[in-house]
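Asks: Predicted model, plus sequence, below.
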Amino acid sequence: MITKEIVINIPNGLEARPVALLVQVASQYECSIHVATTDKRVNAKSIMGMMSMGISSGEKVTVTADGPDEEAAIENIEKYLSSK
């Protein structure tokens, strides 16, 4: 299991389109992936779960991946969330 804290660097935060793209990135991996804030933890492969988070640009989240391809999953999710 790998856990990494990531700062959201997407200009408008995780609204509809960025959430859909994040779910596409996460769904490429076999491992389980969760995104957590201080009060909520959801499956990164769930559009509805991710939409319910309401994560803004500049906010920190903790991403956890557990499974055979966890390293690649964390690396690519971090790349996506940190992009401008």
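Replies: Perfect, I can see it now.
Asks: Now do residue 40 against residue 28, distance only.
Replies: Note on residue 40: its distance to residue 28, by Cβ to Cβ, to the nearest Å, is 23 Å. Every residue, glycine included, has its C-beta placed from N, CA and C.
Asks: Please apply the same query to residue 64.
Replies: For residue 64, the distance to residue 28 - Cβ to Cβ - is 17 Å.
Asks: This structure: strands as residue ranges?
Replies: For the chain, strands defined by DSSP state E occupy the ranges 2-7, 32-36, 41-43, 60-66.
Asks: can you redo those strands as CSV with mean pLDDT?
Replies: Listed next are the strands of the chain as CSV, based on pLDDT from 0 to 100:
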stretch, mean pLDDT
strand 2-7, 97
strand 32-36, 98
strand 41-43, 98
strand 60-66, 98
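Asks: Can you tell me which of those strands is packed in deepest?
Replies: strand 32-36 (a mean of 20; mean count of other Cβ atoms under 10 Å).
Asks: distance between it and the chain's centre?
Replies: Relative to its chain's centre, strand 32-36 lies at 7 Å (Cα atoms, centre = their mean, to the nearest Å).
Asks: Any idea which of the strands of the chain gets closest to residue 52?
Replies: The closest of the strands of the chain to residue 52 is strand 41-43. By Cβ to Cβ, the value is 6.8 Å.
Asks: Show me what that closest one pairs with in its sheet, parallel or antiparallel.
Replies: strand 32-36 (antiparallel) (DSSP bridges).
Asks: Give me the angle between the strand it pairs with and strand 2-7.
Replies: Relative orientation of strand 32-36 and strand 2-7, computed by axes from the mean of the first three to the mean of the last three Cα atoms, to 10 degrees: 40 degrees.
Asks: Could I get the CA-only coordinates of strand 32-36 as CSV?
Replies: Output of strand 32-36 as CSV, limited to C-alpha atoms (Å, rounded to 0.1, in the frame of the first residue of the first chain):
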residue,chain,number,x,y,z
SER,A,32,-7.9,0.0,-5.3
ILE,A,33,-7.4,3.8,-5.1
HIS,A,34,-8.9,6.1,-2.5
VAL,A,35,-8.8,9.9,-2.2
ALA,A,36,-9.3,11.4,1.3
